[in-house]
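Participant: Sharing a sequence plus its predicted fold:
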Amino acid sequence: MASLELDPASGRYRVRFRYAGQSYKRSLRTKHRRVAMASLGQVEESLRLLGLGMTEVPSRVEVGAFIVSGARSRHEKRPQSPVQTLAKLFSVYEQELPPGAKEERTLEGERIHFKHLLRHLKPTTKTATLSTNVVQKYVGKRSQDKFHGKFIGPDTIKKEITTLRLVWNWAKKQGYLDSPPPVDSIIYPKRDEKPPFMTMAEIERKIRLGGFSAEHETELWEALYLNRNEVDELLDHASKQNREPFVFPMFVLVAHTGMRRSELLRSEVSGFDFEGRTISVREKKRSRKHALSFRRVPMSVLVKKVFKEYFFKHTGNVYTLARPNGQPLSQGDATRNFKATLRASQWENVRGFHVLRHSFASNAAAEGIDQRMIDEWMGHQTEEMQRRYRHLAPSQQHAAIDAVFQHERQAS
């Protein structure tokens, strides 16, 4: 049982009780007898529940305090979160991310996003106070930034906000944050849809009409795709350049498979099945669960011929495209050789590997290849990108419209 007594020095009541053979004395911190009597009843109820085995004293909780509280466990003080500020959130994420969890190029992109997010949102911003309204203001500020004289587009801003969401959700899973990422219902500026891919002849006709700024001309060339004859002529040009042995095979591989630049550099000799005429493409964009995934693309006759000869001359390499010492090509190696091969030629407006990749898709679509098969060959594609290359080649469009109005030609 428990009893009350009055502390003559302070005038406050205290309670005495015994539990498990030990005597306890605790102050009730009140001078009012009615309040003290209520607390006494609470202590006696705690002792009753403990005696009946209906509750027990939790570990790391002081016995006397537990009984006086009415058998209610006081929560331990939660340790301070290591991601209290935005800067710490990004820093801890980078420090704790397991090695090899992401491709280095992906990590570089995330660091660029961190830089812009911290510049506008401030490194000292408390994660507890970061709201959707604050993130919406970030979108407005970021839209006013320029890069190479052009305003930052909504696609870029969306990628930065997506990175914030990703890191925030990671911290939530780690128990560092409680709230969901403050990025829902964000409104982004609208932008014009990119034009469909155009042939070189189409782009040159538009430019001859005049009235285009240098910036607009650049955008037109970004929409370039080469028809099948032009792809063949470009490859013929590349084969005649006196460059490193890997250069011509590099052009053939992207032109006849639609591989991304990163996939070219990651490609391994073991992925070539000459008998089955397939190539296993090592990709990192399709699966969120796996660091590396694979897709198969058919091997053209030219790819088979070129790479049989190339592998015969350069044996012992693991990577498909390698330096003379067997090391894989870097992104810089590939880009420099691509540009140098086409410089000062009729192909100098082919701005990068993506032109050959989209030419591959556009020519497949023009040939009437099933869209599902094109998607499988190309890897993951957005619906917008599909619309850009799904059109027929201009010559086939002419044949189609002439077939529709054939009776007019017959009448004339």
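Facilitator: Looks like it arrived, so ask away. What you see is a predicted model; the values in this text were computed from it and never measured.
Participant: low pLDDT regions in this protein?
Facilitator: Scanning the chain for pLDDT under 70 picks out 73-79, 191-193, 284-292, 380-382, 384-398, 400-401, 406-412.
Participant: tell me the centre residue of it?
Facilitator: By CA atoms, centre = their mean, the mean C-alpha position of the chain lies nearest to residue 163, the distance being 6.7 Å.
Participant: I'd like the distance between the closest residue to that residue other than its chain neighbours and residue 262.
Facilitator: Leaving aside its sequence neighbours, residue 163 sits nearest to residue 113 (CB to CB, 6 or more residues apart in numbering; 4.1 Å). Glycine gets a C-beta too; all of them are placed from N, C-alpha and C. For residue 113, the distance to residue 262 equals 18 Å [CB to CB, to the nearest Å].
Participant: returning to that earlier point: residues touching the residue nearest to the centre of the chain, list them.
Facilitator: Contact analysis of residue 163 by CB atoms under 8 Å, 6 or more residues apart in numbering lists 109, 110, 113, 114, 117.
Participant: Just send the residues you listed back as TSV, with distance to residue 54, secondary structure and neighbour count too.
Facilitator: Formatted as TSV, the contacts of residue 163 follow (distance: CB to CB, whole Å; DSSP: H, G, I helix; E, B strand; the rest coil; neighbours: other CB atoms under 10 Å):
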residue	distance to residue 54	secondary structure	neighbour count
109	57	helix	15
110	53	helix	19
113	54	helix	21
114	53	helix	22
117	52	helix	24
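Participant: So which of those is the closest to residue 363?
Facilitator: Set against residue 363, the nearest of these by CB to CB is residue 109 (29.9 Å).
Participant: Look up how far residue 231 lies from that closest one.
Facilitator: Using CB to CB, residue 109 is found at 30 Å from residue 231.
Participant: Kindly report the same for residue 172.
Facilitator: Residue 172 is 48 Å from residue 231, by CB to CB.
Participant: Neighbour count: the two, which is higher?
Facilitator: Taking neighbours as other CB atoms under 10 Å, residue 172 and residue 231 compare with residue 231 leading, 20 against 14.
Participant: who's in contact with the nearest residue to that one once chain neighbours are set aside?
Facilitator: Once flanking residues are discounted, residue 231 sits nearest to residue 255: 5.3 Å by CB to CB, 6+ apart. Counting by CB under 8 Å, 6+ apart, residue 255 touches 231, 234, 235, 356, 359, 360.
Participant: Mind checking which of these are in helices?
Facilitator: 231, 234, 235, 356, 359, 360 (DSSP state H).
Participant: Can you report phi and psi for residue 4?
Facilitator: Here is the backbone geometry of residue 4 (degrees, to the nearest 10): phi -100, psi 150.
Participant: Does it touch residue 36 like I think?
Facilitator: Yes - when contacts are counted by CB atoms under 8 Å, residue 4 is listed as touching residue 36 (5.6 Å).
Participant: which of the two has more neighbours?
Facilitator: Using other CB under 10 Å as the criterion, residue 4 and residue 36 rank with residue 36 on top: 20 against 15.
Participant: give the contact list for the residue nearest to residue 163.
Facilitator: Applying CB under 8 Å, 6+ apart, the residues near residue 113 are 159, 160, 163, 164.
Participant: With respect to residue 350, which of these is nearest?
Facilitator: Proximity of the contacts of residue 113 to residue 350 (CB to CB) peaks at residue 159, which lies at 25.7 Å.
Participant: what's the neighbour count on that closest one?
Facilitator: Residue 159: 13 surrounding residues under other CB under 10 Å.
Participant: Tell me how many other residues crowd residue 368.
Facilitator: Neighbours around residue 368, by other CB under 10 Å: 8.
Participant: From residue 374, how far off is it?
Facilitator: Distance of residue 368 to residue 374, given as CB to CB: 10 Å.
Participant: Please apply the same query to residue 82.
Facilitator: Taking CB to CB, one finds residue 82 at 47 Å from residue 374.
Participant: which one of these two has more residues nearby?
Facilitator: Shown here are residue 82 and residue 374; by other CB under 10 Å, residue 374 has more neighbours (20 against 14).
Participant: now the more buried one, nearest residue through space, not along the chain?
Facilitator: residue 364 (4.9 Å).
Participant: right, and that neighbour touches residue 376 too?
Facilitator: No - Residue 364 lies out of contact with residue 376 (CB under 8 Å); the separation is 10.9 Å.
Participant: Compile the ones in helices among the contacts of residue 255 into TSV and extend it with columns for distance to residue 50.
Facilitator: Shown next, in TSV, are those (distance: CB to CB, whole Å):
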residue	distance to residue 50
231	84
234	85
235	85
356	78
359	79
360	76
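Participant: rewinding a little: can you pull the contacts of the residue nearest to residue 374?
Facilitator: Counting by CB under 8 Å, 6+ apart, residue 364 makes contact with 373, 374, 377.
Participant: so how far is the helix or strand containing residue 172 off the chain centroid?
Facilitator: For residue 172, the element it lies in under DSSP states H and E is helix 154-173. With CA atoms, centre = their mean, to the nearest Å as the basis, helix 154-173 stands 8 Å off its chain's centre.
Participant: Flag every buried residue along it.
Facilitator: Neighbour-count burial for helix 154-173, counted by 16 or more other CB atoms under 10 Å, picks out 154, 156, 157, 160, 161, 163, 164, 165, 167, 168, 170, 171.
Participant: Chain neighbours aside, what residue packs nearest to the fifth one?
Facilitator: Spelled out, that is residue 161. That would be residue 183: by CB to CB, 6+ apart, it lies 5.3 Å from residue 161.
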